[in-house]
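K.L.:
Okay, here's the prediction I keep looking at, along with the sequence it came from:
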2 protein chains.
Amino acid sequence: MFKKVLVAEDIKMINEGVKIALTDFGIKHIDFVQYCDDAFLKLKKASLDNAAFDLLITDLNFKKDFRKQHLKNGTDLLRAIQKEDFTIKTIAFSIEDRTEKVKQLFDSYKIDAYVCKGRQDILDLKKAITQVYQNKIYLSPNVDTALNQESLQIQNFDLELLMLVEKGYSHHEISTLLKKRNLKPNSVSAIEKRLNNLKIHFKAKNTINLIAKAKDLGII
Amino acid sequence: MFKKVLVAEDIKMINEGVKIALTDFGIKHIDFVQYCDDAFLKLKKASLDNAAFDLLITDLNFKKDFRKQHLKNGTDLLRAIQKEDFTIKTIAFSIEDRTEKVKQLFDSYKIDAYVCKGRQDILDLKKAITQVYQNKIYLSPNVDTALNQESLQIQNFDLELLMLVEKGYSHHEISTLLKKRNLKPNSVSAIEKRLNNLKIHFKAKNTINLIAKAKDLGII
DNA sequence: TGCAGCCTTACGGTTTTCCGTAATTGGGCA
DNA sequence: TGCCCAATTACGGAAAACCGTAAGGCTGCA
């Protein structure tokens, strides 16, 4: 069974529940953090010390407070982890039950399991841990259709683009920003084409409607 | 201290945390329910049996599932309780931290405390229980301005407008729609002027950013 | 090497949005 | 009635978004 587990979750109450699930497996080394930046630093440090964590259980939504955070939510954390090339297994654990979002996490961030907070969550989390330990993936029953449903593969580029559009940048500004970051494609044309495809996919009337739908679906 | 407490909360994990907080007070009679309809029935029955509960701790958001519910969320439950004239004390316990909503609960449903799920929630819930037992009200620190603060006035027209824009209608289409409904103002100019004011108010870069912010704030 | 196919970029015309200015309307009031 | 003020509407030029077409560039393959 997993030896060293990190739990990133800002709700104290829920940490109590997670503790119960983990100790039932006899896992003794459990670290709890309430901020994503702390989570990342702990993982990084453990890795450098040759004492890496072998499982991360992370919430997706974290409350903002006075502590300014670089990684603002679980998605940011998972993205950062992927860039680092840790060998750690990851379980996302959230109230979120929109399948688009769940699919995105598996596709883009290679999570190993998705557990939905809810009436069965302690049981689900235990199942997830068991499966992930056997190198399988796991999804809570209420979102288990997420991976079957065929949908346009939403690339990281698309997400990046949608987030820039959401922030109010013009196509031209976005093009400039992408060039600065050496990301391709970065022409205004390419941006418009991608946005068009996304509009078709989400059946959006215009860009405003596209952003609204993307937010409703939780993909940005 | 309270003798008989009912907890309405659908997330199993959180129930574990609440259990910890309550047993620390030596409260022995704690009932847990995962649906609002069940909560109401339990309260009703206990009252008729002359063994009423003296405290309710309820979440606001409950997940929908196959069980069809009459009371769909905590707000519905609190409303139902108020109509019944129970003498029970009530603590709302939610992830929600928008002061507008919190204020509404105190004003309309006469709750005794509002506790925010988060980094301090076990401590906060304990404080709330202590205060409420002494017939005081309590709010978690991060929403304690809810009752003082006058919230800004956003007209119904503005909401209507934002929702039409969100749906992807052009200014011209919105103008036509408003005319059909005999709502004024309805000119393209007026629409643009209102949107401009909203953009200034919400510090939005453009209309897309405005809609994104309005959605983030939960006003549409 | 040469070609096909796909992705990316460039460009121009049309539509929509943006924004300032000016005209019009309607209500309150002497 | 006549005037003022504020809200609403109209309009026009500039900017941005939208959309189709065409050119450029890269990769795989014969």
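P.N.:
Ah, there it is.

K.L.:
Nearest the middle, which residue of chain A would you pick?
P.N.:
A:Thr75 (3.0 Å; CA atoms, centre = their mean).

K.L.:
Can you pull the residues of chain A lying near chain B?
P.N.:
Selection of chain A residues close to chain B by CB under 8 Å from any CB of the partner chain yields A:10-18, A:20, A:34, A:63, A:65, A:95, A:97, A:117-123, A:142, A:165-170, A:204-209, A:211-212, A:215-216. (Glycine included, C-beta is placed from N, CA and C.)

K.L.:
Can you flag the buried ones in the residues you listed?
P.N.:
The neighbour-count criterion (16 or more other CB atoms under 10 Å in any protein chain shown) marks A:10-18, A:34, A:95, A:97, A:117-122, A:142, A:165-169, A:204, A:206-209, A:211-212, A:215 among these as buried.

K.L.:
near DNA strand D too, which of these?
P.N.:
Applying CB under 7 Å from any atom of the strand to these, one finds that A:Asn206, A:Thr207 fall near DNA strand D.

K.L.:
Cross the buried ones among the residues of chain A next to chain B against helices and list the overlap.
P.N.:
Within those, residues falling in helices by DSSP state H are A:12-18, A:121-122, A:165-166, A:207-209, A:211-212, A:215.

K.L.:
what's the lowest-mean-pLDDT helix or strand in chain A in contact with?
P.N.:
None of the helices or strands of chain A scores lower by mean pLDDT, DSSP states H and E than helix A:99-109, at a mean of 87. If you take CB atoms under 8 Å, 6 or more residues apart in numbering or on different chains as the criterion, helix A:99-109 is touched by A:75, A:78-79, A:81-82, A:90, A:92, A:96, A:111, A:114, A:137, A:139, A:143, A:145-147, A:149, A:151, A:153-154, A:156, A:159, A:217-219.

K.L.:
Thought A:Asp10 was touching A:Gln34, still the case?
P.N.:
Yes - using CB atoms under 8 Å, A:Gln34 is in contact with A:Asp10, at 4.5 Å.

K.L.:
shared neighbours, these two?
P.N.:
Contacts common to A:Gln34 and A:Asp10, judged by CB under 8 Å, 6+ apart, are A:Phe62, B:Arg119.

K.L.:
Quick check: which helices or strands does the helix or strand hosting A:Glu160 pack against?
P.N.:
For A:Glu160, the host element (DSSP states H and E) is helix A:156-166. Where contact means 3 or more CB pairs under 8 Å, 6 or more residues apart in numbering or on different chains; DSSP states H and E, helix A:156-166 is packed against helix A:99-109, helix A:171-180, helix A:188-201, helix A:207-217, helix B:207-217.
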